[in-house]
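Engineer: Sequence plus the predicted model coming up.
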Amino acid sequence: MNIFDLHADTMMDIYNRVGAGETDVLAKHHLPQYEKGKVGAVIYALWMTNQFAELAEYFPETPASAQEAMVKVMARSFREFRDTDAVELARTAEDIERIRSKGKVAVLLGLEGFYGFGGEVGMVDVMYELGVRHGMLTWNDDNEFASGVEFEGEDKGLSPIGVEAIRRMEQLGMLIDVSHASQKTFWDIMEQTSGPVIASHSNAMALCSAPRNLKDDQIRALAERGGVIGLNGWKGFICDEQEQATVRDLARHARYIADLVGVEHVACGFDFADYFDPNDGLPGLMDASECQNFVQALAEEGFSEQELQLIAWDNAMRVIRKVL
Ligand SMILES: [Zn+2]
């Protein structure tokens with residue numbers, strides 16, 4: 001069963017590996033996993049945070065500024081897209097279908113934090129022109145646009161340029177993603193938009209108390225708009241006792257959300273961490289090559305074949321068709 005993965009930090013892996021002198025990173029490291037896991041489409045989100053320097057162990061080649069980092073990550077990624085025949089950039093739902101019909105993997109470009117915009121709201125248009133079709137205003141930290149889930153001091157929600165950015169994204173036809181939003185940012189975004197909004201890589205807070213997970217009223221609000229929630233394979237978002245987390249536990253989040261608002265709002269957003277050394281991921285769902293284990297766990301959780309198809313692919317495509 002083909003998988004649409006709504007969240008991957010693959011561009012960071014490209015950045016680091018190219019920085020270490022490697023070439024053909026997608027062909028060597030990622031395509032074999034996609035083939036094994038039957039991954040047909042992925043959102044590559046460019047992760048940008050003011051905590052970049054503190055995360056230096058993951059980014060051995062720490063750039064001087066967020067702007068420099070953003071440009072370098074994109075430059076190295078675009079070169080990989082150019083050189084990798086089996087991966088193609090998509091800008092529309094039709095692009096995804098065309099790319100899939102050739103048996104290739106479709107990549108949608110996204111942003112995980114607008115920190116690298118330097119407070120310039122016109123960067124939304126610049127990113128759109130470059131092919132970016134998805135964005136989260138923040139990672140966990142605050143920036144000029146909004147408060148993230150680990151906001152400092154007070155939860156400020158959207159700033160005036162955050163409101164402008166969100167409205168522009170909706171106008172242009174970009175996926176608006178609340179996965180790292182603070183509570184106030186989440187509700188401000190819902191107030192400022194009218195179309196579907198997604199949470200690309202978050203689970204249900206009722207089953208795991210991590211602040212990155214969604215409360216029931218948030219899940220209901222996303223569902224009312226026709227949005228989707230991409231389930232996250234990161235252990236700390238699956239169980240409070242994270243070392244005991246299993247793939248079946250992740251499938252229980254799917255069951256919980258489906259029972260609350262309907263299966264048409266459940267999708268995949270695995271957030272694989274196989275570029276961390278060591279990979280501290282979920283046993284059985286360590287990287288994209290193991291995606292079918294999740295499909296199997298969903299089946300064990302009682303989802304029908306038709307429902308599996310919705311969760312694996314169709315729900316994500318429904319939103320993309322509507323927004324892009
Ligand atoms: Zn994230």
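Structural biologist: Perfect, thanks for sending it. Numbering: from 1, shown residues only.

Engineer: what's the longest helix in this protein?
Structural biologist: Ranked by number of residues, the top helix in the chain under DSSP state H is helix 66-83.

Engineer: just checking, next helix/strand downstream of it?
Structural biologist: Sequence-wise, the next helix or strand downstream of helix 66-83 (DSSP states H and E) is strand 87-89.

Engineer: which helices and strands sit right next to that next one?
Structural biologist: Using 3 or more Cβ pairs under 8 Å, 6 or more residues apart in numbering; DSSP states H and E as the contact definition, the elements that strand 87-89 packs against are helix 66-83, helix 93-101, strand 105-112. Any C-beta I mention is one placed from the backbone N, CA and C, and that applies to glycine too.

Engineer: Indicate which one of the ones you listed is closest to residue 253.
Structural biologist: When the helices and strands packed on strand 87-89 are compared by Cβ to Cβ, strand 105-112 sits nearest residue 253, at 20.7 Å.

Engineer: Need the contact partners of the closest one.
Structural biologist: The set of residues external to strand 105-112 that reach it, using Cβ atoms under 8 Å, 6 or more residues apart in numbering, is 7, 9, 31, 34, 39-48, 81, 86-91, 95-96, 99-100, 127, 130-136, 139, 175, 177, 180, 200, 320.

Engineer: What of stretch 206-213?
Structural biologist: Residues outside stretch 206-213 that contact it (Cβ under 8 Å, 6+ apart) are 140, 149-150, 179-180, 202-205, 215-216, 232, 236-240, 249, 252-253, 256.

Engineer: what's the first-to-last distance across that stretch?
Structural biologist: When the termini of stretch 206-213 are compared using Cα to Cα, to the nearest Å, they are 9 Å apart.

Engineer: tell me the mean pLDDT for it?
Structural biologist: Summarised as a single mean, pLDDT over stretch 206-213 is 98.

Engineer: Quick one: low-confidence residue ranges for the protein.
Structural biologist: Scanning the chain with the threshold set as pLDDT under 70 gives 52-60.

Engineer: Just the strands from it, written as ranges.
Structural biologist: Secondary structure of the chain (DSSP state E): strands located at 3-8, 39-47, 87-89, 105-112, 132-136, 175-176, 229-231, 266-268.

Engineer: can you put the ones you listed in CSV and add distance to residue 65 and mean neighbour count?
Structural biologist: Rendered in CSV, the data for the strands of the chain read as follows (distance: least, Cβ to Cβ, whole Å; neighbours: other Cβ atoms under 10 Å):
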stretch, distance to residue 65, mean neighbour count
strand 3-8, 24, 28
strand 39-47, 15, 26
strand 87-89, 26, 19
strand 105-112, 16, 25
strand 132-136, 19, 26
strand 175-176, 26, 26
strand 229-231, 30, 28
strand 266-268, 34, 30
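
Engineer: what number of residues lie near residue 139?
Structural biologist: Neighbour count of residue 139, defined by other Cβ atoms under 10 Å: 24.

Engineer: now it: how far from residue 64?
Structural biologist: Between residue 139 and residue 64 the computed distance is 19 Å (Cβ to Cβ, to the nearest Å).

Engineer: Ok, residue 70 next?
Structural biologist: Computed with Cβ to Cβ, the distance linking residue 70 and residue 64 is 12 Å.

Engineer: Which of those two has more residues huddled nearby?
Structural biologist: Set side by side, residue 70 and residue 64 show more neighbours around residue 70, with 24 against 7, by other Cβ under 10 Å.

Engineer: circling back: would you mind telling me which of the helices and strands packed on strand 87-89 is nearest residue 311?
Structural biologist: With Cβ to Cβ as the measure, helix 93-101 is the member of these nearest residue 311 (17.2 Å).

Engineer: If I follow the layout properly, residue 283 ends up in contact with residue 246?
Structural biologist: Yes: under the contact definition of Cβ atoms under 8 Å, residue 283 touches residue 246, with a separation of 7.3 Å.
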